[in-house]
Structures are given as C-alpha cells and as structure tokens.
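J.: Structural data only, the sequence is not supplied:
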C-alpha cells in the first residue's frame, strides 16, 4: 500500500518545504510529484499536508507517514550499502567454522572451486571454535558454520545442504562385523573410538544409544581419521563415521555396518548471520558445499 517512493517524497517535502523543491530533489516534474501525492492520499483516504500552507504543514496522517519515513529510509540506505559492498567484493573475508572433524578432507576441493569464483577472497577454515562455533558465529568470530545441530534463534539462518549416513566401523574380525545392521543393545559396553569430542555430543550417543537408554563402554579419542581407522582395525574399539570417511580405510581390514535397520541419517546445515554483509560470498560457498555433498552421495551409493 505504501511504497518506498512515497516515503522518499515525504522526506523531500519536509526538506524542501514546497512541491517545487521536492520535485527537484526527486528529479521529477512538479506535475508528476503532485500525481504521486494524490495517489498516496487516495490510498490512505486522507490528505498528507495542508494545501497552500506556508511553510508546508503536514496533517496528522502525513506526520505519521513522515515519522515512518524517518525510521525506515535510513535502514534501507544502510542495507543497500551493505549489500553493495558485499557484491562489489569490499567484504572479501570468509571465516568458516566446522563442527565436523571428518569434513575437512572433502572441503579442500570446495575451497579450490571457491577460489576460482572469488580469487580475491580470503578463506579462513578452522576448528578452533569447535565446541562454541554457533556463539562465535553470532558474535562475528565466524561467518559460516557447518553443523548438524541447529539451535533456534532470530539472528542466525540455517540452510539445509544435504543429508549423510553415519555407519558403525568395526574390525572385520569383530562379532558385529557380519551383521546387516546393529541395534543399540549390540553396542552396550562397547569401547568407542572417536574424535576429541565429548561422548554426549557424538551422533551415535545422541541419536542412537541415549534414546534407547543404552550406555557404551570406555571412550577413546583420536585426532586423525587415519589413526582412528587403524585403531579400529586392531580391534581397539568401534567407531561411527560418515560414509565419506570410511572410504579412507583402503588396505585396512574393516567392516561398515548400518546403525539400525533404516540406517542413521544426519543433516548438514550451513549457518550464517541474517545481517551478514558478505551474503554473496556466503551463498556461493554454500552452493559449492551442497554440490560437493551430492557428489559424495553418488560416490557412496
């Protein structure tokens, strides 16, 4: 009903104090400006200023619209400026947070593709905010976080990228290796080898064992995927990994088993601040990640 051009005309009327002056500010003829004002008055069913008043005097309705213009237009101008800076590449830094240790390997091709798209961009990818990445995102320490566990909030948007499957990895000699799938009781008291993540944050615990009231055995931690897989191959424990990580097990005597009859599927989201000034870079990055995720799914089928 009320458009930005109407609000801009009201501001021009206030600043110039006359129709002729406002027309000059808006780069239109006085006749065109009068027509626009009449259109607005018809829409609100009221005059917006007192005719032939000197200096120009706004009616009550006109004053309310003017207050709206003074509140809205600066925000519009600021947003347009931010978007323009992002599109023109003035904000060229992209700070990425990853809540997934095993994502780093397949993200390398994404970084290379991204550099071809935005050669001036500075990409900083790190796990230093691993346990507090969403807070770091909200406070500006990060621009994007890849996460499977969105937290509702007004300042952060979550864009679904793709789903992936998590499987149990065991030594080929382990009693569970020959099963088509495992159930939570199968893993009671089993030693779990994982990345350096608290047990309560692991997918196998949060989404498989805990809902069934099952507690695993000892948790052993390992920084590197290759070392983790070697320890599993030596029957030091079992692990759960996304299917893309299991592909790194070539040459090792391992088995990958479904978690539950339907398998354990998890989503991956790209989280970013709604008011981000580098929105164009963010969307391109997320587009490339989603594309790489689809490629990974095809390979692992």
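T.: In hand now; what should we look at? These numbers were taken from a predicted model, which means no experiment stands behind them.
J.: Give me the buried stretch members for stretch 50-64, please.
T.: 56, 58, 62 (16 or more other C-beta atoms under 10 Å). Any C-beta I mention is one placed from the backbone N, CA and C, and that applies to glycine too.
J.: Check the second one and give its pLDDT.
T.: By that I understand residue 58. At residue 58, the pLDDT value in this model is 89.
J.: quick one: it from residue 19, how far?
T.: 13 Å (C-beta to C-beta, to the nearest Å).
J.: Next, please give the residue ranges for the helices of this structure.
T.: Remark: helices assigned in the chain by DSSP state H are 4-16, 19-26, 30-44, 60-87, 104-117, 133-138, 203-204, 225-233, 243-246, 279-300.
J.: Throw those helices into JSON lines and include distance to residue 144, thanks.
T.: Output for those, formatted as JSON lines (distance: least, C-beta to C-beta, whole Å):
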{"stretch": "helix 4-16", "distance to residue 144": "31"}
{"stretch": "helix 19-26", "distance to residue 144": "40"}
{"stretch": "helix 30-44", "distance to residue 144": "42"}
{"stretch": "helix 60-87", "distance to residue 144": "14"}
{"stretch": "helix 104-117", "distance to residue 144": "11"}
{"stretch": "helix 133-138", "distance to residue 144": "8"}
{"stretch": "helix 203-204", "distance to residue 144": "21"}
{"stretch": "helix 225-233", "distance to residue 144": "22"}
{"stretch": "helix 243-246", "distance to residue 144": "20"}
{"stretch": "helix 279-300", "distance to residue 144": "6"}
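J.: top strand in the protein by residue count?
T.: In the chain, taking DSSP state E as the definition, the longest strand is strand 156-171.
J.: So what angle separates the directions of that strand and helix 225-233?
T.: 40 degrees (axes from the mean of the first three to the mean of the last three C-alpha atoms, to 10 degrees).
J.: what mean pLDDT does strand 156-171 have?
T.: Mean pLDDT, strand 156-171: 93.
J.: in it, what's buried?
T.: The neighbour-count check on strand 156-171 (16+ other C-beta under 10 Å) flags 156-159, 161-162, 164-171 as buried.
J.: Just flag the most distant two among those residues.
T.: 157 and 171 (42.3 Å; C-beta to C-beta).
J.: residue contacts, residue 93?
T.: Counting by C-beta atoms under 8 Å, 6 or more residues apart in numbering, residue 93 makes contact with 121-122, 124, 143, 278.
J.: please redo it, this time with the cut-off set to 10 Å
T.: 121-124, 143, 278, 281 (C-beta atoms under 10 Å, 6 or more residues apart in numbering).
J.: could you measure it against residue 278, distance?
T.: Computed as C-beta to C-beta, the residue 93 to residue 278 distance reads 7 Å.
J.: which residues do those two both contact?
T.: Contacts common to residue 93 and residue 278, judged by C-beta under 10 Å, 6+ apart, are 121, 143.
J.: Can you give me the neighbour number for residue 187?
T.: Neighbour count of residue 187, defined by other C-beta atoms under 10 Å: 24.
J.: so what's it up against?
T.: 168, 176, 204-205, 208-209, 212, 214-217, 238, 240, 259.
J.: Output the below-cut-off pLDDT ranges for the stretch 101-250 of the chain.
T.: Low-confidence segments of the stretch 101-250 of the chain (pLDDT under 70): 126-131, 248.
J.: again, 80 this time
T.: Counting by pLDDT under 80, the stretch 101-250 of the chain contains low-confidence residues at 101-105, 108, 120, 125-132, 152-154, 247-250.
J.: For the residue of the chain positioned farthest from its centre, grab phi and psi.
T.: Note on the chain: the largest separation between a C-alpha and the mean C-alpha position, by C-alpha atoms, centre = their mean, falls on residue 52 (54.3 Å). Note on residue 52: its backbone torsions stand at phi 60, psi 20 [degrees, to the nearest 10].
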